[in-house]
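>>> Sequence below, structure please.
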Amino acid sequence: MSDSSENYEDLQSELPLESIYTIRVILLQLKVQRNKMENVKHCCEKIREAVDKYGPGSDTWTIRNRTIVCILPEYLNCPNDLMSFRDYAENVPEGYTSNHLSLVAGELGINIIAGAIPECSHSGRPPIYSTCAIYSTEGEVIGKYRKLHLYDVDAPGCYPYKESDVFTAGKHYITTNIDNAMFGVGIGYDIRFEELARVYRKEGCNFLVYPATFSASHGPRDWLTLQRARAMDTQCFIATVAQARDERADFLSHGHSSLIDPFGNVVASAGIEESIIASDIDKGEKMLGNTSILRHLRVALLQLKVGKNKEENVSRAIQKLRSVVADYGPKSPSWTSKNSKFLCILPECFNSPYGVKYFNEYAETIPDGFTSQELSKVVKELGIYLIAGSIPERESEGSSKLYNTCTVWSPEGSLIGKYRKMHLFDINIPDQIRFQESETLSPGNGLTTFEIDDAKIGLGICYDMRFEELARIYRNEGCNFLVYPGAFNMTTGPLHWTLLQRARATDTQCFVATVSPARDETSEYVAYGHSSIIDPWAKIMVDAEAGENTVVKDLDLRVALLQLKVGKNKEENVSRAIQKLRSVVADYGPKSPSWTSRNSKILCILPECFNSPCGVKYFNKYAETIPDGYTSQQLSKVAKELGIYLIAGSIPERESEGSSKLYNTCTVWSPKGSLIGKYRKMHLFDIDISDKIHFRESETISPGNALTTFEIDNAKIGLGICQDIRFEELARIYRNEGCNFLVYPGAFNMKAGLLHWTLLQRSRANDTQSFVAAVSPAQDETSEYVAYGHSSIIDPYARIMVDAGAGENTVVKDL
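Got it, this is the predicted structure:
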């Protein structure tokens, strides 16, 4: 007793009183038969078994445990059989199932979230609901949720089912406070609806429970994805509880009841069999979602129809602005603690038809004209930033000098920027299009930038996007986001619209947004549409398609992967690596325009065999000792000079001077130039595919026998080299050691690379819920061993964040 008291006092001194307690969550994945009474009896027995195993008095119960929440599956008292639900329906809380669950909750002193059962009135007549009841530790029903979204689906790949033939949809969501944690409940198909989850989050919930039994056919595709999506959407814990699979049943359950943390990590999961799983949920910072989260700029692109009435065009834009802010702004369910500001962007010529003959008629002064005055009012009303596409601007009252001008408005309604289109659109393609902006418009002569938090935004209009020089000037000014309201036509749009956006993003490593008028086939000038946001790696994040549409995206405005060519001269290879390191730190390091207050450290990663050709016959010749060899000495100096962390790919290592024992070794260097880690490749690359490739590392290289981890701030990094990535066991060991970032310098060849390189990276990320970086030598067709290239970073959800392509390249990403 004295030991427990001392531990308890230690906890009290370190944490707020409520934070020292955890909620023990128990998920019961149960087999369900056709006999209701047997099902309820079996359920109560399993609850008692779970509490014996995980409750007070068990070996797993600690001084931090205080509350148990036991969660049961969807349809805990009956099979998932549409035609049988009426027969099993009963009153809640007075029916057979409810009475037994009430008794066991009171007897054991636990909370029960009772999955779902068919509920009817006392008389047994309709309506019938799919209902989840929540029982207190005293056995009282303290909440009752009726399924809102009924599963009516008959589509390819889906389980054909129409719940509305039997059930009536509920009308209300419910929240329940259990020991100062707020729970929200959905059932089955409800998990597909982000809106419900966000409503719960807005109500203060930090734990969402979905009793749900997906079928074995579509469960593998959707089950885990939906749980993780809801967790990430809301920064809540997610619990799902399914029926166990019964191979004799008509409906085969997917099973796999799970507990997901607010970052999308699987905390606990069952298989398909009957299971009891338990996990303790911290009611402190983890439970409340107070961990540090990067702030995102929310961007909305409003692709609008434009007619010939200026007032109607402006009114339409204002109406759409109000609508998008209602749906996606700070008061909407979709707004989270990660969001900081809201930026809306309108298209080029949103208040007038796009045509030379219209510009003089629609032109007005800025900021005194009608359009400017209306925009000023609405942004102040909505509290948003607005890039107001463009309008024809008259230089002053009575002047004949016109510009194509983009204005920028602050949430206070102030004009904070004005850009006049510099490169006018003069085109004449016989039998296709003729347009001469210069007949009525004058070109601007100045750049415009403005800042929203960490975003520095540079402006261009339409034809400006064709000029790489303008984008590069903005990049040199420190911009990380370029915006081009534009009205490409049906001739140039299909050819160049997306291509130019991706090119400008690639040129500058900036986000690029373009906003077009909606396509209107009846208009004299038919705009292409397809307003888009492109990320700095030229990936299309959103595309509004052709018609009137609004698309919204959150932008998270540094790890460098250096994909290098490797020749046969060691000194030149090392010199090349050092030159590239200096270049990347100049462009992306602490003194660069792209470095923000959110950045803390820079980690550079080199490829496998960066100082020697990748070939068995070269390893002995290029091998050197570590840290006394030439390569190590040079890396130590440059890491210290640049103040960076460096994972130095791999080199052939000689165990000691004069030794014939060689390793394929990765070194890690600190910003002080110290060697802080060394990993020797464990799984050697021995392959012999007839007529394709023969390579046997084991002819000259010995395998390592130890793991290597190191930490940079909150990142714990585990190392492997090339063939090691094929071994899930190594990745899982690193994950069990607490690693959240796995790095694999690797030189896959052109055969294995096409088949397995990206697949294995994504698999390791998904297996371990870790970031994965893999760094290859550049592809060189003249080399004896042709590496595949495509150095990449994969996020914990198996998404490709960056891909360096095949050639020599450096890619950079903030994690």
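
>>> Which residues are in contact with residue 671?
Contacts for residue 671 were tallied using CB atoms under 8 Å, 6 or more residues apart in numbering; they are 601, 639-640, 642-645. C-betas here are computed from N, CA, C, even on glycine.

>>> For ChimeraX, what selects the buried ones among the residues you listed?
Remark: buried members of the contacts of residue 671, expressed as a ChimeraX selection using 16 or more other CB atoms under 10 Å:
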select :639,642,644,645
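
>>> Is it possible to get JSON lines of the contacts of residue 671 that adds distance to residue 348, pLDDT and secondary structure?
Below are those laid out as JSON lines (distance: CB to CB, whole Å; pLDDT from 0 to 100; DSSP: H, G, I helix; E, B strand; the rest coil):
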{"residue": "601", "distance to residue 348": "41", "pLDDT": "89", "secondary structure": "coil"}
{"residue": "639", "distance to residue 348": "48", "pLDDT": "94", "secondary structure": "helix"}
{"residue": "640", "distance to residue 348": "51", "pLDDT": "95", "secondary structure": "helix"}
{"residue": "642", "distance to residue 348": "43", "pLDDT": "93", "secondary structure": "helix"}
{"residue": "643", "distance to residue 348": "44", "pLDDT": "93", "secondary structure": "coil"}
{"residue": "644", "distance to residue 348": "43", "pLDDT": "93", "secondary structure": "coil"}
{"residue": "645", "distance to residue 348": "45", "pLDDT": "95", "secondary structure": "strand"}
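
>>> show me where the stretch 151-300 of the chain has strands.
Along the stretch 151-300 of the chain, the segments classed as strands by DSSP state E, counting those that start in this stretch run 152-153, 161-162, 175-178, 181-185, 207-211, 237-241, 258-260, 266-269, 275-282, 296-303.

>>> Sorry, wrong one. I was asking about the stretch 601-750 of the chain.
Under DSSP E, counting those that start in this stretch, the stretch 601-750 of the chain gives strands at 603-605, 645-647, 651-654, 662-669, 675-680, 686-689, 693-696, 709-712, 715-719, 741-745.

>>> TSV for those, including distance to residue 344?
TSV is the format used below for the strands of the stretch 601-750 of the chain (distance: least, CB to CB, whole Å):
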stretch	distance to residue 344
strand 603-605	36
strand 645-647	39
strand 651-654	52
strand 662-669	45
strand 675-680	47
strand 686-689	55
strand 693-696	54
strand 709-712	37
strand 715-719	35
strand 741-745	36
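
>>> Select, out of the ones you listed, the one closest to residue 806.
strand 741-745 (16.9 Å; CB to CB).

>>> next SSE after the closest one?
Beyond strand 741-745 in the direction of the C-terminus, DSSP states H and E gives the next helix or strand as helix 750-752.

>>> Pull out the buried positions in stretch 98-112.
Buried residues in stretch 98-112, counted by 16+ other CB under 10 Å: 98, 100-102, 104-105, 108, 110-112.

>>> re earlier: of all pairs in the contacts of residue 671, which one spans the longest distance?
For these, and using CB to CB, no pair is farther apart than 601 and 640, which are 14.5 Å apart.

>>> Under the pLDDT cut-off, which ranges of the stretch 51-200 of the chain? List them.
123-124, 154-160 (pLDDT under 70).

>>> Kindly report the same for the stretch 551-700 of the chain.
For the stretch 551-700 of the chain, the ranges with pLDDT under 70 are 557-567, 688-693.

>>> can you tell me which residues contact residue 136?
105, 111, 142.

>>> which among the residues you listed gets closest to residue 266?
residue 111 (23.2 Å).

>>> ok, the closest one to residue 659 distance?
Relative to residue 659, residue 111 is positioned 65 Å away (CB to CB, to the nearest Å).

>>> same deal with residue 574?
22 Å.

>>> same question, residue 765
Distance from residue 765 to residue 659, by CB to CB: 37 Å.

>>> Between those two, which has more neighbouring residues?
Legend: neighbour count by other CB atoms under 10 Å for residue 765 and residue 659, higher for residue 765 (24 against 11).

>>> so who does the more buried one touch?
With CB under 8 Å, 6+ apart, residue 765 has these contacts: 742, 771-772, 794-798.

>>> Kindly report the same for residue 345.
Residue 345 neighbours (CB under 8 Å, 6+ apart): 299-302, 386-387, 389, 483, 485, 513, 515.

>>> and which of these is nearest to residue 738?
Closest to residue 738, out of all of the contacts of residue 345 and judged by CB to CB, is residue 299, at 35.4 Å.

>>> Report the beta-bridge partners for that closest one.
Counting by DSSP bridges, residue 299 forms beta bridges with residue 343, residue 553.

>>> Surely it and residue 552 touch.
Yes: using CB atoms under 8 Å, residue 299 is in contact with residue 552, at 7.0 Å.

>>> neighbour count winner among these two?
Between residue 299 and residue 552, residue 299 has the larger neighbour count (other CB under 10 Å), namely 28 against 18.

>>> now, which of the buried residues of stretch 98-112 lie within strands?
111-112 (DSSP state E).

>>> In helices only, show me the buried residues of stretch 98-112.
Those of these mapping onto helices are 98, 100-102, 104-105, 108, per DSSP state H.

>>> For residue 542, state which of the residues you listed is nearest.
Out of those, the member with the shortest distance to residue 542 (by CB to CB) is residue 101, at 46.4 Å.

>>> I'd like to know how far that closest one sits from residue 41.
12 Å.

>>> now swap in residue 112 and tell me
Going from residue 112 to residue 41 by CB to CB gives 15 Å.

>>> before we move on, what about residue 530?
61 Å.

>>> got it, and residue 767?
Taken as CB to CB, the span from residue 767 to residue 41 is 39 Å.

>>> Which of the two has more residues huddled nearby?
Neighbour totals were compared for residue 767 and residue 41, and residue 767 leads with 16 against 12 (other CB under 10 Å).

>>> Which secondary structure state does the more buried one sit in?
helix (DSSP: H, G, I helix; E, B strand; the rest coil).

>>> Now residue 670. Nearest residue, chain neighbours left out?
The shortest distance from residue 670 to any residue other than its chain neighbours is 4.9 Å, reached at residue 676 (CB to CB, 6 or more residues apart in numbering).
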